[in-house]
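Colleague: have a look at this prediction, sequence included:
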Amino acid sequence: MQTWTDYQNQHKDKFLNELIELLKIPSVSAVPAHNGDTASCAEAVKNALIAAGCTTAEVCTTAGHPIVYGEKMIDPSLPTVLTYGHYDVQPPDPLDLWTSGPFEPVITDGKIYARGACDDKGQMFMHVKALEVMNATNTLACNVKFIIEGEEEVGSTNLGKFLEENKDRLKADIVLVSDTSMISMEHPSIETGLRGLAYMEVEVTGPNRDLHSGVYGGAVANPITILSKMIASMHDENNHITVDGFYDKVVELTSEERTALNSAPFDLNEYKEELGVKEDWGEKGYTSLERTGVRPTLELNGIWGGYIGEGAKTVLPSKAFAKISMRLVPHQNSHEIAELFTAHFNKIAPNSVTVKVTEHHGGEPVVTPTDSIAYKAAEKAIETTFNKKPIPTRGGGSIPIIALFEKVLGLKTVLMGFGLDNDNIHSPNEKFDLVNYYKGIETIPYFHKYFAEMSKA
């Protein structure tokens, strides 16, 4: 009988070429001009699921971008694994910082460079190929279901409704997700929690039109200056967030929990060198691992206004804008934080300007159990292929749908990611190491095997 390893080795080039074709599709969910591309990508994912062994797969329309659903049910007495992923990607801007085209995949030094290579097409596709491996070798140990969406990068706006309307079809025992990272290939890890998100846009208006900065400068408030001061005031001298009520529901870790968190391998000097910074930065009294995993943050994601073209234009702009995201920790609620932010931003605005605050999207923080059968199956699967027991870590990013899986479907999630923190997700030159891609395909079948075995015990 053909083994998983035999089948994967025989089809490695095919697995890579199929991923390359998927990465060529510019499925940018945030940009309406790419709506046709997201639709094409959904169709490609559906076809890939059928080719891998799903007995049924379909593209489900929503009020936004489509959701792809697929399944292969082999025995109702066996456990069912619901795999979640997303085919949409972040905008590739700024384009001039890419060393190759974001949708023209290039392989260099054993890494594939393209938008979506790691987040999340590469990691999602590992599960499709793992299904192919198990199906082709007649070793599928669990029923499998897939839900691959096209709006994760814009807040999973329509997925909640889809879950509500398809509760019976989505019945499962666990959700398996690869949209996170490991510490390193030498130190494999499993993320046991994710931060929530509140994403805001602010608009500051001064005069009713752009003005000549020589004629009016010094007499009329400049919205860019005012906005800059307002944003700067949102952190104090200890880099503590000053939004009223922001920390009210934040629970401090115990000394034992902090010690355990900081036992993960981490070299601050290597961290700074890899990022090209001279000093780390953040909330006083906390380590970098704590700041990026278990502490809430407020970050400026974009700011614009006035003249930004070539040459000079002496203008006092009418408006200034910024996009601001806040990462949240357990017990914080995205809508409550959005309301607190809005009230605070209005409160600190001087009378010389008017402000408008818009809540774009958000998601709730989650913590996943480490004593469940599913977690232990993931732990054993990684130990089998890496020859090391994975380290439990907390992830700094957000996957809004994870909390919804538990709320709507009553399902816990295992976050078994194979990316690396330096894969440049959301940045130019996003990459995914081919060894990670293939290691994921190798490991996922072991999760199914061990989950089925442990569920029987």
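Modeller: Cool, the structure landed.

Colleague: show me where this protein has helices.
Modeller: In the chain, the segments counted as helices under DSSP state H are 4-10, 12-23, 35-52, 121-136, 159-165, 213-216, 223-232, 255-261, 268-275, 288-291, 334-348, 373-386, 401-404, 434-456.

Colleague: most tightly surrounded among those helices?
Modeller: Of the helices of the chain, the one with the most neighbours on average (mean count of other Cβ atoms under 10 Å) is helix 121-136, at a mean of 25. Just so you know, the C-beta spots here come from the backbone N, C-alpha and C atoms, and that holds for glycine as well.

Colleague: what angle sits between that one and helix 12-23?
Modeller: 140 degrees (axes from the mean of the first three to the mean of the last three Cα atoms, to 10 degrees).

Colleague: can you get me the start-to-end distance on stretch 290-299?
Modeller: Criterion Cα to Cα, to the nearest Å; first-to-last residue distance in stretch 290-299 is 16 Å.

Colleague: right, and the helices of the chain - which one's nearest residue 316?
Modeller: Evaluated over the helices of the chain, closeness to residue 316 peaks at helix 213-216, with 4.4 Å, by Cβ to Cβ.

Colleague: what packs against the closest one?
Modeller: Helix 213-216 is packed against strand 315-316, with contacts defined by 3 or more Cβ pairs under 8 Å, 6 or more residues apart in numbering; DSSP states H and E.

Colleague: my read: residue 221 touches residue 204, true?
Modeller: No - under the criterion of Cβ atoms under 8 Å, residue 221 makes no contact with residue 204, lying 9.2 Å away.

Colleague: the more surrounded of those two?
Modeller: Using other Cβ atoms under 10 Å, the more surrounded residue of residue 221 and residue 204 is residue 204, with 29 against 16.

Colleague: pLDDT score for that one?
Modeller: Residue 204 carries a pLDDT score of 98 in this model.

Colleague: hey, what's it bridged with?
Modeller: Beta-bridge partners recorded for residue 204 (DSSP bridges): residue 320, residue 355.

Colleague: give me the distance between it and residue 361.
Modeller: Look at residue 204 and residue 361: by Cβ to Cβ, to the nearest Å, they are 22 Å apart.

Colleague: dump the helices of the chain into TSV; add mean pLDDT and distance to residue 423 as well.
Modeller: Below are the helices of the chain laid out as TSV (pLDDT from 0 to 100; distance: least, Cβ to Cβ, whole Å):
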stretch	mean pLDDT	distance to residue 423
helix 4-10	97	22
helix 12-23	98	14
helix 35-52	98	20
helix 121-136	98	9
helix 159-165	97	24
helix 213-216	96	43
helix 223-232	98	29
helix 255-261	90	22
helix 268-275	94	12
helix 288-291	95	18
helix 334-348	98	26
helix 373-386	98	18
helix 401-404	90	20
helix 434-456	97	9
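
Colleague: now these in CSV, with distance to residue 247?
Modeller: Below are the helices of the chain laid out as CSV (distance: least, Cβ to Cβ, whole Å):
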stretch, distance to residue 247
helix 4-10, 48
helix 12-23, 41
helix 35-52, 38
helix 121-136, 33
helix 159-165, 28
helix 213-216, 40
helix 223-232, 19
helix 255-261, 17
helix 268-275, 25
helix 288-291, 14
helix 334-348, 10
helix 373-386, 30
helix 401-404, 20
helix 434-456, 36
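
Colleague: so which of the ones you listed is nearest residue 193?
Modeller: When the helices of the chain are compared by Cβ to Cβ, helix 401-404 sits nearest residue 193, at 9.5 Å.

Colleague: which residues are contacting the closest one?
Modeller: Applying Cβ atoms under 8 Å, 6 or more residues apart in numbering, the contact partners of helix 401-404 are 84, 149, 152, 156, 159-160, 163, 175, 177, 194, 196, 363-366, 413, 415.
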